[in-house]
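Asker: kindly return the folded structure for what I paste below:
(one chain, ligands or ions: 1)
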Amino acid sequence: MNKKTVFSGIQASGHLHLGNYLGAIRNWKAMQEEYNNYFCVVDLHTITVPQHPAELRANIREVAGLLIAAGLDEEHSVVFVQSKVRAHSELVWILNCVTPMGWLHRMTQFKEKSEKQKEEVSVGLYDYPVLQAADILLYDAHLVPVGADQKQHVELCRDIAQRFNHRYGEIFVLPDALIPPVGGRVMGLINPEKKMSKSEEKQEDSVFLLDTPDQIRSKIKRATTDSRKEIVFDEERPGIYNLLTIYQLLTGGKREQIETYFEGKSYKTLKEELAEVVIESLRPLQQKYFDLTGDNNFLDQILSRGAEQAGARAEKKLRQVTEAMGLR
Ligand code: AQP
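Answerer: All right, here's what the predicted structure looks like:
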């Protein structure tokens, strides 16, 4: 059977959080049997903003370990670290040479991230979406399951592929983003107007996947709500809406059922119940993570096999690209 190919990546820019899990990883696992999958720890993307070397090294392992612990398995998915497959760095240069600057000027993630960095902002951060395009196109990915924040980048990737194909022949598959109908944008606990983010300075804004039960209870207890009382899914009230969305994603209930269940209950009760749901949902993942990282070799072996498999496929594509362009 000819399965379609899926590619997605995740940065090692900090500890993974509920947004990464509900918006991305959990969906990757749920669909892995249906597709040929490549899941990548995108460490070259991570260095587009300054990283401390020891922390980066540890984060790469933590992210890879969590992907395996979340259930991505070798039978269906190739899990690997981006910098271990050199073809990504080579293809990005080639794609840079066919991508108009104007296309990158429009990228909203660059605008948001560069505002924080001011004059420190790197060329790499500007070029981030082109590297993402190289990742996706190397594997002939048809689908790119991502959170809503990445939609624009996948559309850019498609445009770059189209432009390349127009100039050099049908080399690249045009990918589509796959965004979950709910959970594509989990918001911060303290600032529910902004998405939950690894690199957010306020640690209380995110529930990290390896947080202890006490940390989870304390963060959810301090989550921003409002001065109203009714517990309903109302997008105009971002704090409560976000807490209820997380509750819905983890319990699988319907919105009306959840609203009925919480009718007449207080925000305090909602927060306490949500904290327990989060703790229990993360417990098996955490247990698996600690089991598998207890044996250092286990993770190394998976990543090394992953890099080998991904490398073979990527090299083949790169050869096609360089031949088409007259570089070979
Ligand atoms: N808050 C979120 N809600 C839903 N999905 C999210 N994703 C990220 N944040 C949320 C999805 O997780 C995948 C991996 O994200 P990434 O590592 O590529 O980086 P990002 O999108 O820039 O996410 P972060 O966590 O906010 O990292 P930093 O702080 O380093 O920028 C993607 O599919 C993303 O959509």
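
Asker: for the protein, name the helix or strand with the lowest mean pLDDT.
Answerer: helix 108-117 (a mean of 87; mean pLDDT, DSSP states H and E).

Asker: next helix or strand past that one?
Answerer: helix 123-138 (DSSP states H and E).

Asker: what about the helix or strand following that following helix, near the ligand?
Answerer: Moving toward the C-terminus from helix 123-138, the next helix or strand (DSSP H and E) is strand 143-145. No - using CB under 6 Å from any ligand atom, strand 143-145 stays clear of the ligand, with a minimum separation of 7.1 Å. Just so you know, the C-beta spots here come from the backbone N, C-alpha and C atoms, and that holds for glycine as well.

Asker: any idea of the mean pLDDT in strand 143-145?
Answerer: What strand 143-145 shows for mean pLDDT is 96.

Asker: ok, now stretch 294-302?
Answerer: 90.

Asker: need the three-state assignment for the residue of the chain positioned farthest from its centre.
Answerer: Going by CA atoms, centre = their mean, the residue of the chain most distant from its centre is Gly264, 36.5 Å out. With DSSP: H, G, I helix; E, B strand; the rest coil as the basis, Gly264 sits in coil.

Asker: and if you look at Ala223?
Answerer: Note that with three-state DSSP, the state of Ala223 is coil.

Asker: burial count for it?
Answerer: 24 (other CB atoms under 10 Å).

Asker: can you report phi and psi for it?
Answerer: Backbone torsions of Ala223, given as degrees, to the nearest 10, read phi -60, psi 140.

Asker: give me the distance between whichever residue of the stretch 201-328 of the chain sits closest to the ligand and Pro181.
Answerer: Residue nearest to the ligand within the stretch 201-328 of the chain (CB to the nearest ligand atom): Ser206, separated by 8.1 Å. The gap separating Ser206 from Pro181 is 22 Å, by CB to CB, to the nearest Å.

Asker: these two: who's more crowded?
Answerer: The residue with more neighbours, out of Ser206 and Pro181, is Ser206; 26 against 5, by other CB under 10 Å.

Asker: skipping adjacent residues, who's closest to that one in space?
Answerer: His17 (4.1 Å; CB to CB, 6 or more residues apart in numbering).
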